[in-house]
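1. coords below, sequence missing:
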């Protein structure tokens, strides 16, 4: 099992690369889609709605198969400038992950923006803040704190979803595990090692989001030490 773990660790860089790029690009696309959903332009609003319904409602495995096996059937795709990328399993898997992550993330972003207290926005306008300054100083920081807990779950789901990349021949952790099983037939031992690797990565991601949420909440961090003296004072005779 130690030898198996050492071999499986060779797929961790591919796993992390897929997860990081999927989440990072997914956040940018999610912000764009959420902005379109909040737009007063009816066409943009309906395009964003259709995007969320299609890519959030389609299973990730089906979406991966459609991109990897399906797009090559169209002559205009094979003749386009995108074909050198779409014929590679890495870019097909990354595209499927980004589409899925951004569709779910856009709803998280939209809900966080709507959760910003209207009183804070009105107070900023009363102070004479411009629209850009209002977004930068008030709306985005508050919305980010609201979105972090939910987006941490989305990130964890994306880390675990990278195991599907092995279906299109990418040698990340699950891909290497499948290859080892085909030669050793040690299913239980190999998948226990693979599961332990995923568990450690998810634990580290969770702790990173908790630390980020704590860093982005200075009002809670500064208030925590002040409650302790009051508790101690209440216990004194």
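-> Looks like it came in fine. As the structure is a prediction and not an experimental result, all values here were calculated from the model.
2. longest helix of this structure?
-> Taking residue count as the measure and DSSP state H as the definition, the longest helix of the chain comes out as helix 187-215.
3. Return the set of buried residues in that helix.
-> Using 16 or more other Cβ atoms under 10 Å as the burial criterion, the residues of helix 187-215 that qualify are 190, 191, 193, 194, 197, 198, 201, 205, 209. Glycine gets a C-beta too; all of them are placed from N, C-alpha and C.
4. what's the answer for stretch 84-96, then?
-> Neighbour counts using 16+ other Cβ under 10 Å place 86, 89, 92, 93, 94, 95, 96 of stretch 84-96 among the buried residues.
5. where's the dip in pLDDT among those?
-> Across these, the bottom pLDDT score, 87, is held by residue 86.
6. Next, the contact list for residue 63, please.
-> 55, 96, 99, 100 (Cβ atoms under 8 Å, 6 or more residues apart in numbering).
7. CSV for the residues you listed, including distance to residue 9 and secondary structure?
-> Below are those laid out as CSV (distance: Cβ to Cβ, whole Å; DSSP: H, G, I helix; E, B strand; the rest coil):
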residue, distance to residue 9, secondary structure
55, 32, helix
96, 25, helix
99, 29, helix
100, 26, helix
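8. before we move on, the earlier item: just the ones of the buried residues of stretch 84-96 in helices?
-> When DSSP H defines the helices, the subset of these inside them is 86, 89, 92, 93, 94, 95, 96.
9. Tabulate these in a markdown table, adding columns for distance to residue 116.
-> As requested, those are exported to a markdown table (distance: Cβ to Cβ, whole Å):
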| residue | distance to residue 116 |
| --- | --- |
| 86 | 39 |
| 89 | 41 |
| 92 | 37 |
| 93 | 35 |
| 94 | 32 |
| 95 | 32 |
| 96 | 32 |
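10. Return the closest of those with respect to residue 43.
-> Of all those, the one sitting nearest residue 43 is residue 95; the distance, using Cβ to Cβ, is 24.4 Å.
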